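Enquirer: Fold the following for me, if possible:
(one chain, ligands or ions: 1)
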Amino acid sequence: MQIYNTLTRKKEEFVPLNPGKVSMYVCGITAYDYCHIGHARSAVVFDVLVRYLRYTGLDVTFVRNFTDVDDKIINRANREGSDWTTIAETYIGAFYEDMDRLGILRADIEPKATEHIPEMITLCETLIAKDHAYATPSGDVYFRVRSYDGYGRLSGRNIEDLVSGARIEPGEEKEDPLDFALWKGAKPGEPSWPSPWGPGRPGWHIECSAMSERYLPLPFDIHGGGQDLSFPHHENELAQTEAATGGKFVRYWVHNGFVQINSEKMSKSLNNFVTIRDILANYLPEVLRFFLISKHYRSPLDYTADALDESERALKRIYLTKAAAEAHVAGTTWTAAALPAEIIVESTALEAKWDEAMADDLNTAAALGHVFVLMKIVNRILEDKVLKKSEAGRDLIRHALKLFERWGEVLGIFLMPSAEFLTRLKESRVVRKQIDTALIAERLQERQEARKAKDFTRSDAIRDELLAMGVTLQDTAAGMQWDVE
Ligand SMILES: [Zn+2]
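Expert: Numbering: from 1, shown residues only. Next up, the predicted model:
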């Protein structure tokens with residue numbers, strides 16, 4: 001597999017340090033609020049990466065942490081007159097609810113910062129002993145950025161540019177504006193732990209250095225996170241760990257791109273944060289997941305209602321095809337008619353193309369393109385009077401169903417029984433479009449009576465009225481069915 005390494009700025013062949021095994025660490029959430037769509041993207045991207053690596057036969061150890069002590073958590077607790085541990089627990093619980101709905105697999109190890117304070121203190125002591133860090137009279141510990149050669153190389157920043165933007169805030173006892181806090185001396189009303197520098201609590205960056213080293217032998221293979229984490233968080237993790245150990249920290253740095261909202265940056269000041277919960281109040285989780293993998297993971301992704309509707313329609317087409325294919329292969333009489341050569345050639349090439357797309361820096365957008373080609377092949381057979389009766393066509397459709405399943409396991413989509421998905425989709429659209437189902441039942445009854453009375457003008461008028469509400473009608477063997485478009 002080729003994967004883009006942020007550190008070297010190029011796609012590289014991914015070769016795990018220990019053959020057959022992959023060690024991977026992804027920065028988790030700071031538990032102080034509901035997860036937004038940016039969190040969803042990062043979670044889905046790394047979930048697909050883990051699933052894909054396992055699909056290729058690799059044994060992956062996946063660590064994802066929780067930041068459960070931090071300024072944001074403490075501030076929220078103070079604002080709400082709550083306890084910081086309650087805030088952290090509440091939003092860790094909410095994280096699991098959201099991520100379970102999105103089909104995100106649990107990480108193998110999910111450490112919390114507060115459970116690893118001794119490891120962080122040890123790391124600070126090592127850095128102080130090596131003159132890479134210093135304690136201040138008020139009990140803070142800072143990393144001495146200029147003592148570490150190469151600071152800025154991960155995020156592509158140079159020291160001089162950083163200097164111009166750095167300030168020493170009032171009350172900070174830094175030697176240099178570039179230095180960052182590893183440990184913060186206790187302030188009144190804040191949680192603290194005993195340390196050699198007096199009571200205090202960890203800075204944010206130190207926790208990921210301490211927890212990754214605790215659970216993964218260094219250097220580990222993949223360190224992931226959103227692009228926004230590359231500076232300062234990952235830059236600082238890299239500097240701390242390599243300064244402390246003298247060895248390499250991470251082999252491949254992988255970052256997913258931003259999510260924009262209606263072409264604007266998502267930010268508190270624009271008040272355009274979209275939480276996972278907001279979206280799942282209106283759409284099935286699988287629709288959001290499909291949308292999030294519909295673009296390459298490093299590209300910016302623009303969230304709009306239209307884009308989500310588009311993903312919903314695409315996913316519906318796939319499930320409709322799956323449902324038709326499943327019903328078709330249950331048939332019993334078949335002919336010996338042969339498939340046209342181009343169908344055989346195209347479908348045979350598809351598996352290799354799908355694998356190639358995923359091996360090319362996890363190109364899920366291209367992989368989904370191949371899913372659509374497969375769907376077209378299936379529909380072409382189903383719509384052809386001769387081919388749909390042939391044994392060869394049936395066998396190809398059976399194979400296509402296996403591929404939908406195999407690819408679905410990696411992408412984390414198309415895994416629901418087709419009928420169940422289509423029912424849930426209809427229910428979700430009824431709610432979103434505020435469709436009055438009692439009114440529809442009434443109209444359908446009226447329409448049936450009109451047709452009995454051969455009043456086709458009335459019957460057509462009812463159909464048009466329903467169509468204007470987005471409701472379509474299908475005459476089926478089981479009677480009149482309606483659906484929401
Ligand atoms: Zn981290």
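Enquirer: Looking at residue 165 now. What's its pLDDT?
Expert: At residue 165, the predicted lDDT confidence score is 80.
Enquirer: can you tell me how far residue 289 sits from residue 331?
Expert: Relative to residue 331, residue 289 is positioned 32 Å away (C-beta to C-beta, to the nearest Å). No exception for glycine: its C-beta is placed from N, CA and C like everyone else's.
Enquirer: Settle it for me: which of those two has more neighbours?
Expert: When residue 289 and residue 331 are compared for neighbours, residue 289 comes out ahead with 24 against 10, by other C-beta atoms under 10 Å.
Enquirer: okay, the one helix or strand that one maps to in PDB with CA atoms only?
Expert: Element membership for residue 289, per DSSP states H and E: helix 285-293. These are the backbone C-alpha positions of helix 285-293, laid out as PDB (Å, rounded to 0.1, in the frame of the first residue of the first chain):
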ATOM      1  CA  PRO A 285     -25.900   7.200   9.900                       C
ATOM      2  CA  GLU A 286     -24.800   5.300   6.900                       C
ATOM      3  CA  VAL A 287     -25.600   8.300   4.600                       C
ATOM      4  CA  LEU A 288     -23.200  10.400   6.600                       C
ATOM      5  CA  ARG A 289     -20.600   7.700   6.500                       C
ATOM      6  CA  PHE A 290     -21.000   7.300   2.800                       C
ATOM      7  CA  PHE A 291     -20.700  11.100   2.300                       C
ATOM      8  CA  LEU A 292     -17.500  11.200   4.400                       C
ATOM      9  CA  ILE A 293     -15.700   8.600   2.300                       C
END
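Enquirer: pLDDT averaged over that helix, what's the number?
Expert: In this model, helix 285-293 has a mean pLDDT of 98.
Enquirer: Can you pull out the residues in contact with it?
Expert: 37, 40-41, 44-45, 48, 101-103, 276, 279-280, 301, 303, 307-308, 311-312, 314-315, 364-365, 368, 411-413, 416, 421 (C-beta atoms under 8 Å, 6 or more residues apart in numbering).
Enquirer: who's in contact with the one residue in the stretch 1-150 of the chain that gets nearest to the ion?
Expert: When distances are taken as C-beta to the ion, the stretch 1-150 of the chain reaches nearest to the ion at residue 27, 3.2 Å away. Under the criterion of C-beta under 8 Å, 6+ apart, the neighbours of residue 27 are 64-65, 208, 224-226, 229, 233-234.
Enquirer: swap in residue 315?
Expert: For residue 315, the contacting residues are 286-287, 290, 413-414, 421, 425, by C-beta under 8 Å, 6+ apart.
Enquirer: Mind doing that once more with 7 Å?
Expert: 286-287, 290 (C-beta atoms under 7 Å, 6 or more residues apart in numbering).
Enquirer: can you check residue 440 too?
Expert: By C-beta under 7 Å, 6+ apart, the contact set of residue 440 is 466, 471, 482.
Enquirer: A strand includes it, no?
Expert: No - per DSSP: H, G, I helix; E, B strand; the rest coil, residue 440 lies outside any strand segment and is helix.
Enquirer: Now do the same for it: its pLDDT.
Expert: In the predicted model, residue 440 carries a pLDDT score of 95.
Enquirer: Contacts for the helix or strand bottoming out on mean pLDDT in the chain, please.
Expert: Counting by mean pLDDT, DSSP states H and E, the chain has its least confident helix or strand at helix 159-165, which shows a mean of 85. Helix 159-165 is contacted from outside by 151-152, 177-178, using C-beta under 7 Å, 6+ apart.
Enquirer: For residue 222, grab the count of nearby residues.
Expert: For residue 222, the count of nearby residues is 25 (other C-beta under 10 Å).
Enquirer: residues contacting it?
Expert: Residues near residue 222 by C-beta under 7 Å, 6+ apart: 22, 24, 252, 254.
Enquirer: Now it: which helix or strand?
Expert: With elements taken from DSSP H and E, the one containing residue 222 is strand 220-226.
Enquirer: List the buried residues in that strand.
Expert: By neighbour count, with 16 or more other C-beta atoms under 10 Å as the criterion, the buried positions of strand 220-226 are 220-226.
Enquirer: For that strand, give the mean pLDDT please.
Expert: The average pLDDT for strand 220-226 rounds to 98.
Enquirer: likewise stretch 374-385?
Expert: Mean predicted confidence for stretch 374-385 is 97.
Enquirer: Leaving out sequence neighbours, find the closest residue to the residue in the stretch 151-300 of the chain that the ion sits nearest to.
Expert: When distances are taken as C-beta to the ion, the stretch 151-300 of the chain reaches nearest to the ion at residue 208, 3.2 Å away. Distances taken as C-beta to C-beta, 6 or more residues apart in numbering put residue 237 closest to residue 208, at 5.0 Å, once the chain neighbours are dropped.
Enquirer: by contact count, what packs against the strand or helix carrying the one you found?
Expert: Using DSSP H and E, the secondary-structure element containing residue 237 is helix 235-245. In terms of contacts (3 or more C-beta pairs under 7 Å, 6 or more residues apart in numbering; DSSP states H and E), helix 235-245 is packed against helix 117-129, strand 141-143, helix 204-215.
Enquirer: hmm, try it at 10 Å
Expert: Contacts defined by 3 or more C-beta pairs under 10 Å, 6 or more residues apart in numbering; DSSP states H and E place helix 235-245 against helix 117-129, strand 133-135, strand 141-143, strand 180-185, helix 204-215, strand 220-226, strand 250-256.
Enquirer: Residue 7 looks like it's in a strand, true?
Expert: No - residue state for residue 7 (three-state DSSP) corresponds to coil; a strand is not indicated.
Enquirer: count of residues packed around it?
Expert: Look at residue 7: counted by other C-beta under 10 Å, it has 20 neighbours.
Enquirer: ok, it - contacts?
Expert: Contacts for residue 7 (C-beta atoms under 10 Å, 6 or more residues apart in numbering) come out as 153-156, 223, 230, 234, 238, 249-254.
Enquirer: Mean confidence (pLDDT) on the longest helix belonging to the chain, please.
Expert: For the chain, the longest helix by residue count, based on DSSP state H, is helix 305-329. In this model, helix 305-329 has an average pLDDT of 97.
Enquirer: ok, then the element right after that helix?
Expert: Once the chain leaves helix 305-329, the next helix or strand it forms, by DSSP H and E, is helix 341-359.
Enquirer: which parts of that following helix are buried?
Expert: Going by neighbour count (16+ other C-beta under 10 Å), the buried part of helix 341-359 is 343, 346-347, 350, 354-355, 357-359.
Enquirer: With pLDDT and distance to the ion added, can I get those in a markdown table?
Expert: Conversion of the buried residues of helix 341-359 to a markdown table gives the following (pLDDT from 0 to 100; distance: C-beta to the ion, whole Å):
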| residue | pLDDT | distance to the ion |
| --- | --- | --- |
| 343 | 95 | 49 |
| 346 | 94 | 44 |
| 347 | 94 | 44 |
| 350 | 97 | 38 |
| 354 | 98 | 32 |
| 355 | 98 | 31 |
| 357 | 98 | 29 |
| 358 | 98 | 26 |
| 359 | 98 | 27 |
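Enquirer: can you count the residues close to residue 167?
Expert: As a burial measure, residue 167 scores 8 neighbours (other C-beta under 10 Å).
Enquirer: Give me the phi and psi for it.
Expert: For residue 167, the backbone dihedrals (degrees, to the nearest 10) come out as phi -130, psi 150.
Enquirer: contacting residues for the residue nearest to residue 208?
Expert: Counting by C-beta under 10 Å, 6+ apart, residue 237 has contacts 25, 27, 154, 204-210, 212, 223, 225, 229, 249-250.
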